[in-house]
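**Student:** any chance you can model this:
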Amino acid sequence: MRKGSNFGSLADAEQVVRSAGLGLAPLSVSDEPISEGGVTILATADLKDLDSGTLRGLVVPDGDDADVNVKDAARRALAAGLPVLAFGDSAALVADVAGVAAPPAAAVLITDGQARSLDDLKAVTAAAESIS
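**Tutor:** This next block holds a predicted model:
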């Protein structure tokens, strides 16, 4: 997850995803501590967990930065056959990494080489349930 955990127009998505049975683990992409607004977040997963299959998928909150770490995490998750649930501007970033067209939507689920539009919390719930 990105610092800030912004889910764009689907602000309640984090609670919906958790209610669907997915635990959200902050993912460390380096040895540096994760800090947001003066609060240190302890990462409970790292990139190698994407490779090993320890994680069931990757959730990428909204963010318009073309962060190399986000791209790397998405690439690794997709290579391991894991679904990627991306929100807001991150949807286009992750779709680009997957080599698929990003449909205009509040969020997308990318799995099996396809991107599925998620326009509301009901669709996000169904997507999260398909992962858990």
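
**Student:** please save the CA atoms from the host helix or strand of Lys122 in CSV.
**Tutor:** Secondary structure from DSSP states H and E places Lys122 in helix 121-131. This file holds the C-alpha atoms of helix 121-131, laid out as CSV (Å, rounded to 0.1, in the frame of the first residue of the first chain):
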residue,chain,number,x,y,z
LEU,A,121,-18.2,-0.1,-3.5
LYS,A,122,-20.4,-3.1,-4.5
ALA,A,123,-18.0,-3.9,-7.4
VAL,A,124,-15.0,-3.4,-5.1
THR,A,125,-16.6,-5.9,-2.6
ALA,A,126,-17.1,-8.5,-5.3
ALA,A,127,-13.5,-8.0,-6.5
ALA,A,128,-12.1,-8.3,-3.0
GLU,A,129,-14.2,-11.4,-2.4
SER,A,130,-12.9,-13.0,-5.5
ILE,A,131,-9.4,-12.6,-4.1
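
**Student:** what bits of the protein have low per-residue confidence?
**Tutor:** The chain contains residues with pLDDT under 70 at 1-8, 30-31, 33-34, 36, 64-66, 132.

**Student:** strands of that one, residue ranges please.
**Tutor:** Taking DSSP state E as the criterion, the chain carries its strands at 27-28, 34-36, 39-41, 45-46, 58-60, 84-87, 107-111, 114-118.

**Student:** now tabulate those in a markdown table and tack on mean neighbour count.
**Tutor:** Placement of C-beta: from N, CA and C, glycine included. Output for the strands of the chain, formatted as a markdown table (neighbours: other Cβ atoms under 10 Å):
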| stretch | mean neighbour count |
| --- | --- |
| strand 27-28 | 20 |
| strand 34-36 | 13 |
| strand 39-41 | 10 |
| strand 45-46 | 18 |
| strand 58-60 | 26 |
| strand 84-87 | 28 |
| strand 107-111 | 26 |
| strand 114-118 | 18 |
